[in-house]
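In: starting from these lines, generate the structure:
(chains A, B, C and D, ligands or ions: 4)
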Amino acid sequence: MAAVTMAGALNGALRDAMRADGDVLVFGEDVGPLGGVFRITDGLTAEFGEERCFDTPLAEAGIVGLAVGLAMGGFRPVVEMQFDAFAYPAFEQIVSHVAKARNRTRGRMNLPLVIRIPFGGGIGGVEHHSDSSEAYYAHTPGLKVVTPATAEDAYWLLRDAVEDPDPVVFMEPKRLYWARGELDRAARAAGPLGRAVVRRPGRDATVVAYGPAVPVALEAARAAAGEGVELEVVDLRSVVPLDDATVTASVRRTGRCVVVQEAQGFAGVGAEVAARVQERCFHSLAAPVLRVAGFDVPYPPPVVEAAHLPGVGRVLDAVFRLQFDDEPDRTHEVSEVAS
Amino acid sequence: MAAVTMAGALNGALRDAMRADGDVLVFGEDVGPLGGVFRITDGLTAEFGEERCFDTPLAEAGIVGLAVGLAMGGFRPVVEMQFDAFAYPAFEQIVSHVAKARNRTRGRMNLPLVIRIPFGGGIGGVEHHSDSSEAYYAHTPGLKVVTPATAEDAYWLLRDAVEDPDPVVFMEPKRLYWARGELDRAARAAGPLGRAVVRRPGRDATVVAYGPAVPVALEAARAAAGEGVELEVVDLRSVVPLDDATVTASVRRTGRCVVVQEAQGFAGVGAEVAARVQERCFHSLAAPVLRVAGFDVPYPPPVVEAAHLPGVGRVLDAVFRLQFDDEPDRTHEVSEVAS
Amino acid sequence: MSSKTSRGTVERLLPSFSPVRAVAEDGVPLAAPEGYELPADALLVDAFRRMVVGRRFDAQATVLTRQGRLAVYPSSRGQEACQIASALALREEDWLFPTYRDSVALLARGLDPVEILTLLRGEWHCGYDPAAWRTAPQCTPLATQTVHAVGLADALRRRGRGGVVLALVGDGGTSEGDFHEALNFAGVLGAPVVFLVQNNGYAISVPLARQSAAPALAFKGVGYGVASEQVDGNDLVATLAVVASAVRRARAGGGPFLVEAHTYRVEAHTNADDATRYRAEEEVARWRAADPLARLERYLRGRGLLADGDVAAAEEEAERVAGGMRERLGGEMAGDPLEMFRHVFAEPTPQLAEQQALLAAELAADAEGGGR
Amino acid sequence: MSSKTSRGTVERLLPSFSPVRAVAEDGVPLAAPEGYELPADALLVDAFRRMVVGRRFDAQATVLTRQGRLAVYPSSRGQEACQIASALALREEDWLFPTYRDSVALLARGLDPVEILTLLRGEWHCGYDPAAWRTAPQCTPLATQTVHAVGLADALRRRGRGGVVLALVGDGGTSEGDFHEALNFAGVLGAPVVFLVQNNGYAISVPLARQSAAPALAFKGVGYGVASEQVDGNDLVATLAVVASAVRRARAGGGPFLVEAHTYRVEAHTNADDATRYRAEEEVARWRAADPLARLERYLRGRGLLADGDVAAAEEEAERVAGGMRERLGGEMAGDPLEMFRHVFAEPTPQLAEQQALLAAELAADAEGGGR
Ligand SMILES: Cc1ncc(C[n+]2csc(CCOP(=O)(O)OP(=O)(O)O)c2C)c(N)n1
Ligand SMILES: Cc1ncc(C[n+]2csc(CCOP(=O)(O)OP(=O)(O)O)c2C)c(N)n1
Ligand SMILES: [Mg+2]
Ligand SMILES: [Mg+2]
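Out: Ligands and ions are numbered 1, 2, ... in the order given. Here you go, the predicted structure:
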């Protein structure tokens, strides 16, 4: 066991995956000698040579398309999109090919490839460098979408993703790259892909979060405990497939639920979770499922990003609107806006 | 008043918009002499000349990018994406530029452009010709997203969209192109952009739908009426902005709600509506908000599309699971699947 | 500090200024095109046979579409020289990346007509096993397949067994960003891939002049360091010579190559298209007269390589193929809706399993007549 | 039926085989490049002054970044000849489409240093009014601006007042599909747009050889019917001559033009980058020695157009600009978070109004010290 950063864990996962399987290839923009702008691929070219970890021309559709062809040819490509917003040029390749290849060949052509996308804000990036794009992929049938919140999950989720027979969009929460956590590389049981985890048990309300929102949820839980409210924090880890069982079991127990995501809220993953929870736990719910999400604005650069990012305060505000004191149907609205 | 097809209404709206404003330009693939593969631009080149309605090279990012530049130069471009899935190459232009231009210039540079996208299935199209992509756009801050369900709305929504100071993604339900309806071109009051409409009043449950799902909802309402259940059908028309007021008022009255959409369900617009409704109407709800949506599979071509498309039967099944007879927390699940 | 470009390098990358030809439109042999080896006579006779069969296949598919047996069919009538050359230039171990218009190339490659038409019939899958046939599913999103082709070519290079990839694309498809990225990746990677642009003059209704202002599409190659050529795409002999030469070159490690074949789409874009809206009948008539099949027949007959009996035999084979198509594609299609869920992922997610159960229950209720 | 390409057409579209030069690296005038009019002496002296100011601006911005006053800054040190030529080749009514690396070009165009750096400081908007300055917001998603530039050029053509658009893009940016689509649209539309590729040898860490196998990037033009040229981008005289000529040509209705300027990014990609990881110090040193500013100074001095006093005056102006930047950018940034909602749409949607109210309530609570 060692404490490593999430970036280090990801680097280790790529290294170990490449050692384990000679068909694993890593490529993208600046992933070679530079080691990626976040250094996630640091040292891979040195260890495995340019044939296995290499820089491509600067074209994201080309990168993903190249991965499709290499996967068809028996390789296991792991590609890096430099930032979330810079994966958009590859959108057609991802949606019309990566997601559909298995289906449109009746299972004969699978594409075991991984698209790594650093996502989210909180790092003081200028415009186009802090998007949360997971919902685009999660809404697309045929893609698995995962995101770690700890170094350990980063390592095992990425190992899972590389070994998965299906394409996986691997969302890396940028602002957690340098967060440290324990990692035991010997301890692989059933991997985390597809499995949520209860990060903190609690009886009063369930907070569902994923990726960069998980530490926020945990901090909120610690703060709430100080006020006598015990929050159970569920880290989804895997958005697709979603682990309904873990979420549902928790909410049926606590009777209250807040979903936290960093992405803009409208038609996001949090909406899906909220919709599912009330579908499945309606009669267990003492209050509506509330969502805490980024605002529906283009991600704001540094000077105001703190106000945009769902923080502990906003999560706690939602928690304390969960009608522990009951005020029917005015739970959500801060001000009623007529149309 | 005249009965016209939705295709005819759209054609008329473009024609009238071009007559009203010399800066309105129409372009895209095959929209010139051919009049578009769905003939929505039929006759425009003949009436307005090649300068105002013209074919471009075959490149969707280029088409949208050209529209951005023309809008910056004072024009009002209306571009056609030939089919839903063929808008994906333009995704970066749409998300990183069209949606953000006003914001990143502090309101100095607005882009009054319209991106018309025929969407959805039900027309026997082969792969890539039947996607429902509205959620991708609705999830993107800075885009308005609308979709008509009647010829009249098609006309006025498109007129609204062309005159709107902001970019509008105009989703046209392919399978309704040839549906006929009344249209009164003299009757413009406040336009439909941003306003839902109650298509059929009812007291027992609210069915929220939009675009191609609206006729399905209405047919379900007629069938339900035969079984003594009165459904209120709300047609959103405008997904962004969403008319919360109309939806909320209806559900608070009926106490039950089903959301119907053709798109795959996961993290779709229906998830957003369901999440909002339970947030706002929790104590008025006698049952969870249920969703009826396309399955989370790549849109299946003709031979099985009927089984995929949410039809009247599936809507009614959901309606009759709304616990008119009460069976706590087993409302949604057909079979409980353990993970 | 800035370096001079060598004129020689540039000239080696540029195409000929006139499309390469080997046979005149009336079937008379022309001077052998410089730098190209003409295909062997036996291969040309085989090509003729395949063209005859291909044309019949195409006509039959069009008829089946009219009868509602296919959802849609994009005819390649008039483009048979390109179609057949594509198939014949490749070895079995090579890969082909076709578009929706290249069914005849697939037929010539040996695939089963029913499998070829599976997708166009309205199934949700491409019908054949891409790996078994080293043929990618026919691609609809334009030019997207060109990048896959580069990836697969790089995979073949890595495996070191000498395979080559041929990617087909239309004139309209060359306008898409993916085409550019494919050529660029191919150039940088030195991938063993040949791009064959079937410039048939139109992208649906849009004529080439609105598609590109290039002197010819083949002139795009130099900008990527990709060698290029233009060829008369209605001249089977020249087209096969040029494509085969590009394939040989790639196989030998010479890197990627771009071929533009000038041809014409004699039929409408698909059965759903009305070509009279955008082009004159005279233009079509002129190209009908420049028919690649008649041209090859005249050439082969002129050289004494083809007798009436050979033509009759080819036509007989063509009729057999067409008959088989009518027989096997004549019925109603039946699909199991539950298969929708089977191949989204290797294992269904819990969400898909639930949805599948929902549909299964509906179908069961319907079967009992108990459904709504 | 296939047509011959005219050799003359192709040659008119191809660039020179050597980059155009007017001044040797040591500042000695070369033979006037054929077909180009050299810029007027006064303009060159003005260019020199702007280069001096631009370099100082660049250095100051870098320092401000180190002090945390800017979020990020991509230096254009070494690329000043391209930057200044971009500004000087245009008239006021023309439009410029810059990237994140083109702050110095904006400065030379007359924009305010603080407005130029607004986005890089970490505001959510570009600082200046694009329409007032006919300068698009500096663009980060690579090559996306090249298509906008074509659209705006087409808009100018439609308005018929003779404006021209200059689009800047990097060597890496030429690999993106959007660059291809822009050139193609420009060619087909005959738009009055000039593309200037600042080939500075790297896209972050990726050297040109991994970006493109083209003989030179300028050879991409012919594939779109777009005339092209390559120029020594560290030679202000030549760069201005070539860009100005392309702009004049476009203004006269001659259509689009592609210029590749060979230059070098002397600093790291941005302050956040560590260039030692991917390039040798000797390479950088060689290019530092080929400094465009020193070269122009030597040239102008050699021709007696520049005296010590002029240099001193330029440096004084540069210091004034730098001082102003320090003063105006030295403080903490303050932003009103509620502005986030103001410019998403012309009118906030009900959803945004609600969210704004939520944030306003939070901020009010915080201000009262009552927030969590
Ligand atoms: C990305 C994308 N955009 C649009 C379409 C719709 N579409 C199908 S075929 C076609 C024309 C293609 O022309 P070309 O590439 O010349 O091929 P051809 O049909 O002539 O063989 C268009 C616009 C598509 N399939 N994919
Ligand atoms: C679509 C997109 N992909 C990736 C990036 C990340 N990125 C920013 S600058 C850069 C390198 C650009 O190189 P080049 O075009 O040569 O311009 P230079 O920085 O050298 O001026 C990269 C990869 C981006 N901004 N946009
Ligand atoms: Mg074509
Ligand atoms: Mg560069």
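
In: hang on, C:Leu64 in a strand?
Out: No. Using DSSP: H, G, I helix; E, B strand; the rest coil, the secondary structure at C:Leu64 is helix, not a strand.

In: pLDDT score for the nearest residue to it once chain neighbours are set aside?
Out: Leaving aside its chain neighbours, C:Leu64 sits nearest to C:Leu70 (5.1 Å; criterion: CB to CB, 6 or more residues apart in numbering or on different chains). Heads up, the C-betas are built off the backbone N, CA and C, glycines and all. If you check C:Leu70, the pLDDT there is 93.

In: may I see the buried residues of the helix or strand harbouring A:Ala46?
Out: Using DSSP states H and E, A:Ala46 sits in helix A:44-48. Using 16 or more other CB atoms under 10 Å in any protein chain shown as the test for burial, helix A:44-48 gives A:44-45, A:48.

In: out of the residues you listed, who's nearest ligand 3?
Out: In terms of CB to the ion, no member of those lies closer to ligand 3 than A:Thr45, at 41.3 Å.

In: was I right about that closest one contacting A:Pro33?
Out: Yes. Using CB atoms under 8 Å, A:Thr45 is in contact with A:Pro33, at 5.9 Å.

In: domain ranges for chain A?
Out: Residue ranges for the domains of chain A, per automatic domain parsing: A:2-183, A:197-334.

In: could you dump the ones you listed into CSV with mean pLDDT and distance to chain C added?
Out: Below are those laid out as CSV (pLDDT from 0 to 100; distance: least, CB to the nearest CB, whole Å):
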stretch, mean pLDDT, distance to chain C
domain A:2-183, 97, 2
domain A:197-334, 93, 3
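
In: among these, which comes closest to B:Ala87?
Out: domain A:2-183 (8.7 Å; CB to CB).

In: and the residue of the stretch 51-200 of chain A nearest ligand 4?
Out: Per CB to the ion, A:Leu58 is where the stretch 51-200 of chain A lies closest to ligand 4, at 9.0 Å.

In: list the contacts of that residue.
Out: A:29, D:142, D:172-173, D:175-176, D:203, D:206, D:211 (CB atoms under 8 Å, 6 or more residues apart in numbering or on different chains).

In: may I ask which two of those are separated the most?
Out: Between any two of these (CB to CB), the greatest distance is 13.2 Å, for D:Glu176 and D:Val206.

In: more neighbours: these two, which one.
Out: For D:Glu176 versus D:Val206, the count of surrounding residues by other CB atoms under 10 Å in any protein chain shown is larger for D:Glu176: 30 against 24.

In: could you verify my assumption that that one touches A:Ile63?
Out: No. In this structure D:Glu176 lies outside contact range of A:Ile63 using CB under 8 Å: 11.1 Å.

In: can you report phi and psi for residue 32?
Out: Just going to use chain A. When read as degrees, to the nearest 10, the backbone of A:Gly32 gives phi -80, psi -120.

In: you looked at the wrong chain, it should be chain C
Out: In terms of degrees, to the nearest 10, the main-chain angles of C:Ala32 are phi -60, psi 130.

In: now it: closest residue in space that isn't a chain neighbour?
Out: In this structure, C:Ala32 finds its nearest non-sequential neighbour in C:Leu38, 6.0 Å apart by CB to CB, 6+ apart.

In: so what's that neighbour up against?
Out: C:22, C:32, C:237, C:241.

In: lowest-pLDDT helix or strand in chain C?
Out: Lowest by mean pLDDT, DSSP states H and E among the helices and strands of chain C is helix C:118-121, with a mean of 92.

In: for chain D, see how far away A:Leu157 is.
Out: 27 Å (CB to the nearest CB, to the nearest Å).

In: by contact count, what packs against the one helix or strand that residue maps to?
Out: A:Leu157 is part of helix A:151-163 when elements are defined by DSSP H and E. Applying 3 or more CB pairs under 8 Å, 6 or more residues apart in numbering or on different chains; DSSP states H and E, one finds that helix A:151-163 contacts strand A:2-5, helix A:6-20, strand A:114-119, strand A:144-146, strand A:168-173, strand A:180-183.

In: that one: which residues count as buried?
Out: By 16+ other CB under 10 Å, the buried positions in helix A:151-163 come out as A:151-163.

In: any idea how far it is from the middle of the chain?
Out: Counting by CA atoms, centre = their mean, to the nearest Å, helix A:151-163 is centred 12 Å from the centre of its parent chain.

In: quick one: the least confident helix or strand of chain C near chain B?
Out: Yes. Part of helix C:118-121 sits near chain B under the criterion CB under 8 Å from any CB of the partner chain, namely C:119-121.

In: related to what we said a few turns ago, the helix holding A:Leu157 vs strand A:168-173, what angle?
Out: If you take axes from the mean of the first three to the mean of the last three CA atoms, to 10 degrees, helix A:151-163 sits at 160 degrees to strand A:168-173.

In: could you give the angle of helix A:151-163 to helix A:6-20?
Out: Using the same axes, to 10 degrees: helix A:151-163 against helix A:6-20 is 30 degrees.

In: report the contact partners of C:Ala318.
Out: C:52-53, C:55-57.

In: please, where are all the strands along the stretch 201-339 of chain A?
Out: Remark: strands assigned in the stretch 201-339 of chain A by DSSP state E, counting those that start in this stretch are A:205-209, A:231-235, A:238-240, A:257-264, A:290-294.

In: near chain D, which residues of the stretch 51-200 of chain A?
Out: A:55-62, A:85-86, A:88-89, A:124-129.

In: which SSE is C:Phe195 in?
Out: strand C:193-199.

In: chain center to that strand, what's the gap?
Out: 9 Å.
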